[in-house]
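>>> Take a look and give me a structure for this.
(chains A, B and C)
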Amino acid sequence: MTSRDAILAAVRANAPPPAPPVPPIPDFAPAGGPLLAAFNERLAAMGGKLAAADDGATLDALIATLFPDAKVIASATPEVRGTRPLAAATAPADLADVDVGVVRAAFGVAETGSVWLSEDELKINALAYLAQHLVVLLDPAHIVGNLHHAYRDPRFATARYAVLVTGPSATADIEGVLIHGAQGVRSLTVVLRPL
Amino acid sequence: MRVGLFIPCYVDAFFPEVGIATLELLERLGIEVAYPLDQTCCGQPMANSGCQKDAAGAEALFVKNFAEFDTVVVPSGSCAHHVREHLDAIAQTPQVEKVRRGTYELVEFLHDVVKVDGFPWAEFPHKVGLHNTCTTLRRLRTAKASEIEEPLFSKPLDLLRKVRGIEFVTPDRADECCGFGGTFAVFEEPVSAKMGYDKVADHHRAGAEYIVSADMSCLMHQKGCAERLGLDIGFIHIAQILNGSRA
Amino acid sequence: MRPVDHAEASSHFIEATAHLEFHDRRLWDLRLKRDREAHRIAEWEELRNLASAIKEHTLTHLADYLEQFEAAAKTNGAHVHWARDAGEHNQIVYDILAARGAKTLVKSKSMLTEECDMRPFLETRGVKVIETDLGERIQQLDDEPPSHIVVPAVHKLRGDVSTVFARTLGSQPGNNDVHYLAETMRRNTRPYFLGADAGMTGANFAVAETGSFVVCTNEGNADLSANVPKLHIASIGIEKIIPRLEHLAVFIRMLSRSALGSPITQYTSHFRAPRSGSELHIVLTDNGRSQRLGMKDFWTSLKCIRCGACMNTCPVYRRSGGLSYGATYSGPIGIIMDPVFDIRKYSQLPYASTLNGSCTSVCPVKINIHEQIYKWRRVMAERNQLPLVKKEAIRIIGKVLSEPRLYRAAISATGLAIEHLPRFAVYNWLNPWGRQREVPEPPKQSFRSWYLKNRTGQ
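Have a look, this model is predicted:
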């Protein structure tokens, strides 16, 4: 008998009396107020930054202003040129020296201040973690209310890798002191910019 | 109305004034109170250790003593909870079930059954910290527990607010267990004592002159801690305040 | 083999005053943060009910959902392995690594791998394993198990971490600055991420309808472990399955709020299929879970989502520390899980509780933890796992309390003893109550005597 068969047999043999299926989960409309304001508040609470994009300035210029010392800027979105092109063949480890990664999120979540990224938005998944800083473009019209809304997105069922990113990498494992840039990015900046 | 009065073993032995206050209070409210003379214990100390065989004797004796009563009142949350939820070391006859169902903790009884609207004889002009015991709080649910998202309510406060002169102070960790826990107090003494010390220090910092509770067992533990610490705090059972004790 | 003596371990923990005070304060703070977040959500209690119902439905139909998950995962291109126990789990992981010549493994936090004692198994077979969660790495470097399932090194102060890093990573001795220590860890770990042959994660949830699983971290270390090397192994306990994506919303809304009082972890990562050019291996593991499923009083402990809220709120845990439980799972959830692994070793754990019930009230999936602790006490008594002294004491007390005359004699004897014995006779090593507390003063008469005199005219 394979382990698989043994485990399934044991699980079947030991199953308690069946508990009924759960009815569809309600939407739980989020607490009142415009979604953008809630998103901004939560993003800040989670350690993320918000940068205003002047219509005049290009995004490349904005990033240069935000990160004047950055030498390697790798962008996964055509809206920003950056300094290091990303190809499908790029090995993740080759991104080790990236100072700033730039991506466009598919959508944001007001309840938590999160942005949604998958391999389509990241090109190389490790970009969002090996870069020292991450800049995320977000269309404010693409902010959903809460996680119930978020999980309705069909891309969860098709993306190979999908992540809800909320603020920068963080830890408080040493004496409860909050650190940004534990292993991943030291900062996360959302730039609100319609697609 | 006629009730059977159950006095927990440690109240009988160490804090008879709590039993006396309970009896007198019920009589003042026009209730006929009978005290079966051969009662001992509800079985909780043995049952809480998992020793059902050793609890059976006390549980059977409890049912025997209170079989004739539709309502049993006890000035102890943990005893009332044990009787209602865990008194099952003996066969569950209709008589056993009746006694179990009809057993009330004093605050529950006064608030829900008698629906007392005043204690005109009572006055307690002191700063008081209310200790809601874990049993009354999370099992018998006589007040909102801080962990649960629900509307605020408190049966003991409803009763105590009717007492002239009483002033409430709130400690930092009002809901945190004081560390008595029955046999825990003996077998896990280091943590038990630390919890007790923390609890009384918390009330003391909040300015409590007295700590009041519906369970003398918790108070016994807290009193022992406070005395060893040299803290000047009084310990009093809710029955005593409601019955008119001034100190 | 002596059972774990929680009380003894706790007395040492309590003696280290600075550590105790921080530990208690830090975890209570997490509990307060949890309260604040829960309070912001009007539907909090309804979410708890939903989460509990989803888990109970899934667990009672677990085999079907496991098969659905496996089929979907395989369609997605993942390999699915099944491990009956810890030994099989470790062997499967090793075989996957060995077949590909993988010598270094970076991993994110997984209580399952702790439970299986995987690291020593791999290390003795020549695989270098690097924990990448900061708390887990501190503990790995200090050769100590994690003490808390969410904040593994919460029992250490910055000076302790500094000492460990100076000894093992070559950091500046005496430099206790937390930012410096965290940066030290970041710089030390990064080369491992970049050069590792394989990455390993656990999973918080596994979704049957999509064959995907979710890993929640704040550091992003799971994402680095999974997205840099070409091989990703995920250890998943069979109880982690939930039916659908819409159910995930319920749990993700409650997990970090319950654990740390933040609305969500910094990274909530969903793995459905391997990256092109990479491999994804899932190891579905039983290790006692199917056995626990068959326990009428204890199967609902399988609902646990490993948030640690019960530990944060437990007044006993906060004052004794996770290591005093001597098991991978400590605190309230540990008490009800561990006896299944070893009933004798963990026979005293159910007594490391006041049964206050705060754990049950904060549990996002409504496990009746304190009631299960109570039930385990009955199991211990029935299976003769109580220490002899305790067993005898309770037997005698039970006898005295079942006979009115014996009881009355005992009361007057106790009262006389307390009143007349010298202090040293009452307060000594035989009387644990009296170590740090005063014993109550015996009254002039018992209630019964008063009643006889004042109400029956006797």
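>>> Is there any residue in the helix or strand where B:Val212 lies that contacts chain C?
Using DSSP states H and E, B:Val212 maps to strand B:210-213. No - applying CB under 8 Å from any CB of the partner chain, one finds strand B:210-213 separated from chain C by no less than 13.9 Å. The C-beta positions use only the backbone N, C-alpha and C, and glycine is treated the same way.
>>> Shouldn't B:Phe235 be within a strand?
Yes - B:Phe235 forms part of a strand when assessed by DSSP: H, G, I helix; E, B strand; the rest coil.
>>> what's the pLDDT at the residue nearest to B:Glu167 when sequence neighbours are not counted?
Nearest-residue entry for B:Glu167: B:Lys127, 5.0 Å, with adjacent residues in sequence omitted and distances by CB to CB, 6 or more residues apart in numbering or on different chains. You'll see B:Lys127 listed with a pLDDT of 98.
>>> same deal with B:Pro45?
If you check B:Pro45, the pLDDT there is 93.
>>> if we can go back for a sec, close enough to count as contact, the residue nearest to B:Glu167 and B:His204?
No - contact criterion CB atoms under 8 Å: B:Lys127 and B:His204 do not qualify, at 10.8 Å.
>>> Those two: who's more crowded?
Legend: neighbour count by other CB atoms under 10 Å in any protein chain shown for B:Lys127 and B:His204, higher for B:His204 (19 against 14).
>>> ok, now which ones touch that one?
Residues counted as contacts of B:His204 (CB atoms under 8 Å, 6 or more residues apart in numbering or on different chains) are B:226, B:231, B:233.
>>> hmm, try it at 6 Å
Counting by CB atoms under 6 Å, 6 or more residues apart in numbering or on different chains, B:His204 makes contact with B:231, B:233.
>>> Which positions in stretch C:148-166 come out as buried?
C:148-158, C:160-166 (16 or more other CB atoms under 10 Å in any protein chain shown).
>>> quick one: which of those residues sit in helices?
Judged by DSSP state H, helices contain the following of the buried residues of stretch C:148-166: C:158, C:160-166.
>>> tell me which of the residues you listed is nearest to C:Ala182?
C:Val161 (9.4 Å; CB to CB).
>>> didn't that closest one look like it was pressed against A:Val177?
No - counting by CB atoms under 6 Å, C:Val161 stays clear of A:Val177, with 10.6 Å between them.
>>> what's across from B:Gly129 in the sheet?
With DSSP bridges as the criterion, B:Gly129 is bridged to B:Val169, B:Ile211.
>>> Identify the residue nearest the residue in chain B that chain A sits nearest to in space, chain neighbours excluded?
Per CB to the nearest CB, B:Glu149 is where chain B lies closest to chain A, at 13.8 Å. Using CB to CB, 6+ apart and skipping residues adjacent in sequence, the residue nearest B:Glu149 is C:Trp44, 4.4 Å away.
>>> where does chain A have low pLDDT?
A:30-32, A:54-56 (pLDDT under 70).
>>> which stretches of it form helices?
A:3-14, A:35-45, A:59-66, A:119-122, A:127-130, A:147-150, A:155-158.
>>> Which residue lies nearest the spatial centre of the chain?
Since no chain was named, I'll use chain A. Residue closest to the mean C-alpha point of chain A, counted by CA atoms, centre = their mean, is A:Val165 at 2.7 Å.
>>> um, chain C though
Nearest to the geometric centre of chain C sits C:Tyr329, at 3.5 Å (CA atoms, centre = their mean).
>>> before we move on, back to that, buried residues in the strand holding B:Val212?
Of all the residues in strand B:210-213, those buried under the rule 16+ other CB under 10 Å are B:210-213.
>>> For the helix or strand just after that strand, what is the distance to the chain centroid?
With elements assigned by DSSP H and E, the helix or strand that comes after strand B:210-213 is helix B:216-229. Counting by CA atoms, centre = their mean, to the nearest Å, helix B:216-229 is centred 15 Å from the centre of its parent chain.
>>> contacts for helix B:216-229?
Here helix B:216-229 has contacts from B:11, B:15, B:18, B:133, B:178, B:180, B:185, B:196-197, B:199-200, B:213, B:233, B:235, B:237, C:436-438, C:440, using CB under 6 Å, 6+ apart.
>>> Since that was my last question, I'll sign off now.
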